[in-house]
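Visitor: 3D model of this:
(2 chains)
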Amino acid sequence: MGKTVAQGGRQTLKQAFGRHKDAWIATVILVPMFFFWLLVSGFPTMFGFVLGFFQWVGLADTPKFIWFDNFISFFNNPVYTDALWRSIWLGGLVTVITLGAGFGAALLMNMPLFGKGFYRSIWYIPAVTATVATTQVFNIFLDSNNGVINNILKSMGKDPIVWQYSVGWGIFWIVVYSVWKGVGGAALIWLAGLQSVDLTLYEAAEIDGAGRWDKLRYVTMPGLKPIATYIVITNLIAAIQIYEQVLFITNGGPYGQTEVLVFRIYRDGFWDFNLGMAGASSLIMALIIITVTVMYYNWSTKSDRRTTIPIKPIKPIAKGGSGHGRSTKREV
Amino acid sequence: MAEALSVRFKKQLKPVHLLGHIILLGVGLILLYPLIFMIFAGFFTKTEFTSTVLGILPIPKAPTLENFKALIVGSTDAAVATYFKNSLIRTSYNTVWAILTSFLAGYVFARLHFKGRDTLFLILLATQMIPGTLAIIPTYLEFARFPFAGGNDIFTGGTGILNSWWVYLLGGPSINIMGTFLVKQSLEKVPLEIDEAATVDGAGTFRLIFQILFPLQLPIMAFIAITTALGTWNDFITPFFYTTSDHLQTLPAAITRLSSVGASPGAVINYPLIITLSLGITVPALLIFAFFQKYIVQGLANTGIKG
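Guide: You can find the predicted model right below:
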């Protein structure tokens, strides 16, 4: 195209631009964004795929390529395998409790209750707070000297508990915090799912003599299948990567027995500067998550035409915006 | 009308509904409890907080507004006002860029026609599958070994762009993939006739984008803006791990440094100051939520939460 510009006069330049106008505008918009994306996300991600194959301890170190040695030590060292296993079962536990409680709440919020918008809001509020800030309130509750819970225990004449010395309590409070933070969001998505179930099906079931429980079992549950898979997968992926609450509530203690894999990555990377090992752990974590996601996409495209990421809006976005008119796909 | 209303109220008295009210309100209050505690604790003076035996609800004998004032005008024992200002700058910067990039990129993928558009978009979506965890350490290394910056000869020798404003500045203009996806999806529902009519009336591409199409996308843009703003506002990772200077810290990073994570082992943790900073994070977030919750709820219902 440059040649045309050079050969012709003004007219050809204009024509050349006009013919490729869309491509030009797209280039002007996308190229700078792509450059910044490459800088802060693209390049580091590619780097992440190979970092695990290097021995790299300390920032000033010269990295040495050591093939799979980091991965071999990962699977031979109980510190890492335990952390991986803990990530998986802790993530599973948090997902099950959050989604279970969220589903119950969504069923209640779906009833024609007075003030349900208010309930929806207060249940969702924990999700908008900063983990850094709210875990500190939990720490005040759990403080061994002047902690709220211990003060209450003392006033009831019971012995105070030193939560920080116990693995079980550490895990317990991590789970409590995670559920506290996640249950409102889960309830909102479940609620959107419940409201997307075809109402006429309920009427039909009622005519057939179905009770409240039957309707839930035979109409609601099957109708919720796509959104259920979606919410389980997204929550599981997020919960496997939980680490902020671990960092702030137990800091991995006592003796590293509440460490999860992502916490381990931070510890290796930013405290011990064992960058190669941190890279190996992140790659293992990433591969697990990518596998789960790919399996989910295969499942959702194979199953019936309802896409599981609700690409079709469940409810129109707003009155003013869109939702009317025909498709804009024009034939090219 | 009045009859309909009384019917509605009577309906609320059915046992199932009554149970629903009790559970939703009861558990809801339990969920709010940590925040209520935080707000009450914010009215304590430092000495009173440490000397009080904390009960379920701490009620100060001499309530003070000092802590809230410290957020705005600063306080003697920490650069609280600086943290607040940094948080504010970083959040506004990222939010403005998120709105701009996701709208423009969404426009490109929804409206323009060029070779390889759909493939490019698919690649973009596919990169979303890779968890951010993978890039944390590499980003750190990239920043530390940024060529010719911060005393680096080419790659080594200095600290790169770590501990500088560049850490905050680079991320914003990057493409926001989730936002792009949402805008594309929503723009495709706007009839093409609108574009055509605007062009016939003499609007150029620029005017078409910003004066005609952008106002139609306000709800989705609000959702993108709010999620970005809350995400940046609450984020401690970037400021905590990539910067160390006091004048670069944001509120969450400052809390991290004061908490058991950043404090030296065995040190007494300054909870009153932590509470002050926590209020500085939480109250604005709650206000944003209170004003824009309509968009958050709709956005969540439309997309599901990412991550």
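
Visitor: list the contacts for residue A:106?
Guide: A:186, A:187, A:188, A:190, A:191, A:193, A:194 (C-beta atoms under 8 Å, 6 or more residues apart in numbering or on different chains). Where C-beta positions appear, they are placed from N, C-alpha and C, glycine not excepted.

Visitor: which of those residues are buried? Put it as a ChimeraX command.
Guide: Only the buried entries of those go into this ChimeraX selection, using 16 or more other C-beta atoms under 10 Å in any protein chain shown:
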select /A:186,187,188,190,191,193,194
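
Visitor: quick check, central residue of chain B?
Guide: Central residue of chain B (C-alpha atoms, centre = their mean): residue B:230, 1.5 Å from the mean position.

Visitor: please, which helix or strand holds that one?
Guide: Element membership for residue B:230 (DSSP states H and E) is helix B:218-234.

Visitor: what's the local residue count around the closest residue in space to residue B:275 that isn't next to it in sequence?
Guide: Excluding the flanking residues, the one nearest residue B:275 by C-beta to C-beta, 6 or more residues apart in numbering or on different chains is residue B:41, at 4.8 Å. A total of 24 residues lie near residue B:41 under the criterion other C-beta atoms under 10 Å in any protein chain shown.

Visitor: again, but for residue B:171
Guide: Neighbours around residue B:171, by other C-beta under 10 Å: 20.

Visitor: equivalent analysis for residue B:214, please.
Guide: There are 16 residues near residue B:214, going by other C-beta under 10 Å.

Visitor: torsion angles phi and psi at it?
Guide: For residue B:214, the backbone dihedrals are phi -60, psi -50 (criterion: degrees, to the nearest 10).

Visitor: from chain A, how far off is it?
Guide: Separation of residue B:214 from chain A (C-beta to the nearest C-beta, to the nearest Å): 11 Å.

Visitor: run through the residues that contact the closest residue in space to that residue that isn't next to it in sequence.
Guide: With sequence-adjacent residues excluded and distances taken as C-beta to C-beta, 6+ apart, residue B:214 is closest to residue B:103, at 6.3 Å. Counting by C-beta under 8 Å, 6+ apart, residue B:103 makes contact with B:179, B:183, B:209, B:214, B:217, B:221.

Visitor: most widely separated two among the residues you listed?
Guide: For those, the maximum inter-member distance is 15.3 Å, found between B:179 and B:209 (C-beta to C-beta).

Visitor: those two - which one has more neighbours?
Guide: residue B:179 (24 against 19).

Visitor: related to what we said a few turns ago, what's the closest of the contacts of residue B:103 to chain A?
Guide: residue B:217 (6.7 Å; C-beta to the nearest C-beta).

Visitor: the closest one: neighbour count?
Guide: Neighbour count of residue B:217, defined by other C-beta under 10 Å: 23.

Visitor: tell me the pLDDT of it.
Guide: Reported pLDDT at residue B:217 in the predicted model: 87.

Visitor: so who does residue 290 touch?
Guide: Going with chain A. Contacts of residue A:290 (C-beta under 8 Å, 6+ apart): B:129, B:130, B:131.

Visitor: could you list the domains of chain B?
Guide: B:12-73, B:75-303 (automatic domain parsing).

Visitor: and among those, the most buried is which?
Guide: Highest mean neighbour count among the domains of chain B (mean count of other C-beta atoms under 10 Å in any protein chain shown): domain B:75-303, with a mean of 19.

Visitor: and the closest residue to residue B:205 other than its chain neighbours, what element?
Guide: Closest residue in space to residue B:205, ignoring its immediate chain neighbours: residue A:25 at 6.1 Å, by C-beta to C-beta, 6+ apart. Using DSSP H and E, residue A:25 sits in helix A:21-37.

Visitor: so what's residue A:188 scoring on pLDDT?
Guide: So residue A:188 comes in at 90 (pLDDT).

Visitor: for stretch A:41-51, C-alpha coordinates in PDB please.
Guide: What follows is stretch A:41-51, C-alpha atoms only, in PDB (Å, rounded to 0.1, in the frame of the first residue of the first chain):
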ATOM      1  CA  SER A  41       0.800  -9.400  30.700                       C
ATOM      2  CA  GLY A  42       1.800 -11.200  27.400                       C
ATOM      3  CA  PHE A  43       5.500 -11.300  27.900                       C
ATOM      4  CA  PRO A  44       5.400 -12.200  31.600                       C
ATOM      5  CA  THR A  45       3.000 -15.000  30.900                       C
ATOM      6  CA  MET A  46       5.200 -16.500  28.200                       C
ATOM      7  CA  PHE A  47       8.100 -16.100  30.500                       C
ATOM      8  CA  GLY A  48       6.100 -17.900  33.200                       C
ATOM      9  CA  PHE A  49       5.900 -21.000  31.000                       C
ATOM     10  CA  VAL A  50       9.700 -21.300  30.900                       C
ATOM     11  CA  LEU A  51      10.800 -19.900  34.300                       C
END
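
Visitor: could you list the buried residues of that stretch?
Guide: For stretch A:41-51, by 16+ other C-beta under 10 Å, it's A:41, A:42, A:44, A:45, A:47, A:48, A:49, A:51.

Visitor: what comes into contact with that stretch?
Guide: For stretch A:41-51, the external contacting residues (C-beta under 8 Å, 6+ apart) are A:275-276, A:278-280, A:282-283, A:286, B:127, B:130, B:134-135, B:137-139, B:141-142, B:174.

Visitor: if we use 10 Å, what do you get?
Guide: Stretch A:41-51 is contacted from outside by A:34-38, A:63, A:65, A:70, A:269, A:275-280, A:282-283, A:286-287, B:127, B:130-143, B:171, B:174-175, B:177, using C-beta atoms under 10 Å, 6 or more residues apart in numbering or on different chains.

Visitor: now, which of the residues you listed lie within strands?
Guide: The members of those that map onto strands under DSSP state E are residue A:65.

Visitor: quick one: the domains of chain B as TSV, columns for distance to residue A:149 too.
Guide: Below are the domains of chain B laid out as TSV (distance: least, C-beta to C-beta, whole Å):
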stretch	distance to residue A:149
domain B:12-73	10
domain B:75-303	15
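
Visitor: how about those, which one is nearest residue A:300?
Guide: domain B:75-303 (13.1 Å).

Visitor: do you know the pLDDT at the residue nearest to the centre of chain B?
Guide: We have a pLDDT of 92 for residue B:230.

Visitor: now it: how far from residue B:173?
Guide: Counting by C-beta to C-beta, to the nearest Å, the gap from residue B:230 to residue B:173 is 20 Å.

Visitor: ok, residue B:166 next?
Guide: Distance, residue B:166 to residue B:173, using C-beta to C-beta: 12 Å.

Visitor: same question, residue A:138
Guide: Counting by C-beta to C-beta, the gap from residue A:138 to residue B:173 is 36 Å.

Visitor: got it, and residue A:204?
Guide: Taking C-beta to C-beta, one finds residue A:204 at 53 Å from residue B:173.

Visitor: do residue A:103 as well
Guide: The spacing between residue A:103 and residue B:173, counted by C-beta to C-beta, is 40 Å.

Visitor: again with residue A:286
Guide: 25 Å.

Visitor: pLDDT score for the closest residue to residue A:70 other than its chain neighbours?
Guide: Using C-beta to C-beta, 6+ apart and skipping the chain neighbours, the partner closest in space to residue A:70 is residue A:280 (3.7 Å). With respect to pLDDT, residue A:280 has a value of 94.

Visitor: show the contacting residues for residue A:280.
Guide: A:51-54, A:68-75, A:80, A:265, A:268, A:274.
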